[in-house]
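> Below is the structure, and that's it, no one-letter string:
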């Protein structure tokens, strides 16, 4: 399985949040706004301070006047003078609160926090202490101390009368949301929503809560907020419960998703989201109701790929029969497995049809697992639907990275990039090559092969001497070959320029012309590489090889051809260049087309029908008989191995798709006709590739040994 996505904590507050909270507080009744003694009594005295109205009163009045006139620096200085000169005056608590607000406006966060903390600690029962606690909580939120900020707000809000608490909670929640503190906004908004009567205000609060919960919270925040809300019915709590159900569904945790969906439906059976919750719950139940011995297959049963689909299906069934029969014969399972039922859905080779085919196999046929799709176009959509349905899918497509799409997708198809990387490894470790030239068609496939080989070759210490491309329909290859060996831009070569200068010294015109023409022929090819990797099929490669020979580059390993080359060119030392490629070279016409120029070419493939192993011989025989004489190739061999692997899992009688997936992942070095296979952590098959070479007109296995120091 792939590791779960890591959720990172980010600061959830934005600047000016404290100012927003201050505005919210300013809209609420506050006894600290005008602390004038009434009726001969002094509220400050009952709060632990000395009676007001003494020497501190004029200083406080002057500070307020400076504040109201916008002279904030003067106001701050006057507040500080009062606190220093009259530390026991009854005006001190109010002066601390007002000075904190001025400091906050001036951007002096440290000064504001110091004043508020002193007020909250030294005068906890004073009416101003409530506002101080709320402002401190807002500053905690602004500084990213979410837990402290929310805790402080809740503590302060609990001291307010219900109506005032609800009003302030609503204003505070909106301020937090506007400041970007979405998680912090939920609890005060929930408090306000619960206390609000039915009407427009309650509807607005619910709309804002829905907006936050549905799209602005992370998984850990949803969990934490649900735990902080009172149990029982309540709009916000049930909404968080529904959100958790959807998150668990996305993560594939069906048991928890089922529990949360049922909890939501129990709390809100007639709620606005009840129909979608019931539908999601039914979908979970549907995908967890499976036919234990049914295998779905997605492949083209009609259209231009129908014949390919038919051959793959034949090989797949042969593999299933082989695996189940083998398990029964060995008595490996109890009870004995029943034959696997194969249900085929036609995708016609297209993307949309492939996705629909997976849906049908899951929803209507209750398949335990799926094989397919086999085409590049259909492979990704099919895998996406399989991941959504949490059903194991084994794809034979060659598209890179399919196994990385999720924990339920497995890739047995041999990708071009994997082949290119393996050829690069062989070039360095087995052949000892240090420098390589590259030729590729200007097509996505050619570019992908080129990059994969290039990266791997350089990573292993090799160097790329030259790179040239050509049109996908090129037939002559003269231009890219000339460029590759330095015979196209002759004006950039010193030896050619020296030769031309010498020819111009001749007196007679015809001799000058003849000498100039000879300069082109005398410009020897620059062969500073050991081999050429051709990122293409056998037909272009068969034409590139003689084009290289025409430019006086010896290609191949034919000794007789080498002697003839030396005689023709007069060269005593010749750097023999070899061709490298992928399974696009593996065609019986390649040695015939390329002749002496492709002798010794090295390439890889995923299947060797002539390896002589008993299991390979049995498969080739069975497939040939079943198809009326058709010889199996790589795709059919992979389908056969897929059938044997899936059959081995079916033989263990898994009860669920999750259990099936676990048993499929557990297969190690599974013996297949393509070779021993293991799925890596991303779900991609790791199977040794077969290495081939050309000798005469035959393609034979290449028996290579590691070079010393390679």
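Perfect, thanks for sending it. A quick note: this is a predicted structure, and the numbers were derived from the prediction, not measured.
> Just the buried positions in stretch 663-671, please.
Within stretch 663-671, the residues scored as buried using 16 or more other C-beta atoms under 10 Å are 663, 664, 665, 667, 670. Heads up, the C-betas are built off the backbone N, CA and C, glycines and all.
> Low-confidence ranges, this protein, go.
1-53, 141, 144, 146-147, 149-150, 153-157, 332-337, 496, 571-573, 708-710 (pLDDT under 70).
> How is it partitioned into domains?
Domain assignment for the chain, taken from automatic domain parsing, gives 294-414+612-679, 416-487+526-605+686-710, 489-524.
> Out of those domains, which gets nearest to residue 223?
Taking C-beta to C-beta as the criterion, domain 294-414+612-679 is the member of these that comes nearest to residue 223, at 21.9 Å.
> Which secondary structure elements does the helix or strand harbouring residue 437 sit against?
Residue 437 belongs to strand 435-441 when assigned by DSSP states H and E. In terms of contacts (3 or more C-beta pairs under 8 Å, 6 or more residues apart in numbering; DSSP states H and E), strand 435-441 is packed against helix 444-459, strand 463-470, helix 478-484, strand 531-534.
> Is it possible to get CSV of the ones you listed that adds mean neighbour count and distance to residue 559?
What follows is the helices and strands packed on strand 435-441, written out as CSV (neighbours: other C-beta atoms under 10 Å; distance: least, C-beta to C-beta, whole Å):
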stretch, mean neighbour count, distance to residue 559
helix 444-459, 19, 28
strand 463-470, 17, 25
helix 478-484, 19, 24
strand 531-534, 27, 18
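> okay, the ones you listed in a markdown table with distance to residue 303 next?
Shown next, in a markdown table, are those (distance: least, C-beta to C-beta, whole Å):
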| stretch | distance to residue 303 |
| --- | --- |
| helix 444-459 | 22 |
| strand 463-470 | 32 |
| helix 478-484 | 36 |
| strand 531-534 | 31 |
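> The stretch 251-400 of the chain: helices as residue ranges?
Assigned by DSSP state H, counting those that start in this stretch, the helices in the stretch 251-400 of the chain fall at 254-267, 274-287, 306-330, 351-363, 376-389.
> Show me where the chain has its strands.
294-299, 341-346, 369-371, 393-395, 409-411, 435-441, 463-470, 531-534, 578-581, 602-605, 678-679, 685-686, 690-695, 698-701 (DSSP state E).
> Check what contacts the fifth one and list those residues.
Outside strand 409-411, the residues within contact range by C-beta atoms under 8 Å, 6 or more residues apart in numbering are 383, 386-387, 392-395, 397, 402-403, 664, 679, 683-685.
> With respect to burial, which of the domains of the chain scores highest?
Across these, averaging neighbours per residue (mean count of other C-beta atoms under 10 Å) puts domain 294-414+612-679 on top, at a mean of 20.
> Start and end of that domain, how far apart?
Domain 294-414+612-679 has an end-to-end distance of 23 Å (C-alpha to C-alpha, to the nearest Å).
> circling back to that earlier point, what about the domains of the chain, which gets the closest to residue 283?
Nearest of these (C-beta to C-beta): domain 294-414+612-679, 8.5 Å.
> quick one: residue 275 and residue 206, what's the gap?
Using C-beta to C-beta, to the nearest Å, we find residue 275 at a distance of 18 Å from residue 206.
> Between these two, which has more neighbouring residues?
Between residue 275 and residue 206, counted using other C-beta atoms under 10 Å, the more crowded position is residue 206 (17 against 10).
> Quick one, which of the helices and strands packed on strand 435-441 gets closest to residue 56.
Checked against C-beta to C-beta, the stretch from the helices and strands packed on strand 435-441 lying closest is helix 444-459, at 76.5 Å.
> Counting by contacts, list what that closest one packs against.
Against helix 444-459 (3+ C-beta pairs under 8 Å, 6+ apart) you get helix 416-429, strand 435-441, strand 463-470, strand 531-534.
> hmm, 10 Å instead?
The helices and strands touching helix 444-459, judged by 3 or more C-beta pairs under 10 Å, 6 or more residues apart in numbering; DSSP states H and E, are helix 416-429, strand 435-441, strand 463-470, strand 531-534, strand 578-581.
> can you redo these as TSV with distance to residue 330?
TSV is the format used below for the helices and strands packed on helix 444-459 (distance: least, C-beta to C-beta, whole Å):
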stretch	distance to residue 330
helix 416-429	33
strand 435-441	48
strand 463-470	51
strand 531-534	45
strand 578-581	41
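> which one of those lies closest to residue 166?
Across the helices and strands packed on helix 444-459, closest to residue 166 is helix 416-429 (C-beta to C-beta), at 61.4 Å.
> angle of that closest one against strand 435-441?
Angle, helix 416-429 to strand 435-441, by axes from the mean of the first three to the mean of the last three C-alpha atoms, to 10 degrees: 160 degrees.
> Report the inter-axis angle for helix 416-429 versus helix 444-459.
Using the same axes, to 10 degrees: helix 416-429 against helix 444-459 is 30 degrees.
> From the contact counts, what lies against helix 416-429?
Packing partners of helix 416-429 (3+ C-beta pairs under 10 Å, 6+ apart): strand 435-441, helix 444-459, strand 531-534, strand 578-581, strand 602-605, strand 690-695.
> quick one: which of those is nearest residue 72?
Short answer: helix 444-459, nearest of these by C-beta to C-beta, at 61.4 Å.
> what's the offset of that closest one from the middle of its chain?
Centroid separation for helix 444-459 versus its chain: 21 Å, with C-alpha atoms, centre = their mean, to the nearest Å.
> now swap in stretch 342-360 and tell me
Distance of stretch 342-360 from the chain centroid (C-alpha atoms, centre = their mean) equals 25 Å.
> repeat for stretch 225-238
In terms of C-alpha atoms, centre = their mean, the centre of stretch 225-238 is set 34 Å apart from its chain centre.
> Enumerate the positions of it that are buried.
225, 226, 229, 234, 235, 236, 237, 238.
> that older thread, as a markdown table, the domains of the chain with distance to residue 74 would be great.
What follows is the domains of the chain, written out as a markdown table (distance: least, C-beta to C-beta, whole Å):
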| stretch | distance to residue 74 |
| --- | --- |
| domain 294-414+612-679 | 65 |
| domain 416-487+526-605+686-710 | 67 |
| domain 489-524 | 77 |
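> so which of these comes closest to residue 256?
domain 294-414+612-679 (13.4 Å).
> separation between residue 687 and residue 306?
Per C-beta to C-beta, residue 687 is found 28 Å from residue 306.
> I meant residue 103, not that one.
Residue 103 is 79 Å from residue 306, by C-beta to C-beta.
> Over to residue 229?
Counting by C-beta to C-beta, the gap from residue 229 to residue 306 is 58 Å.
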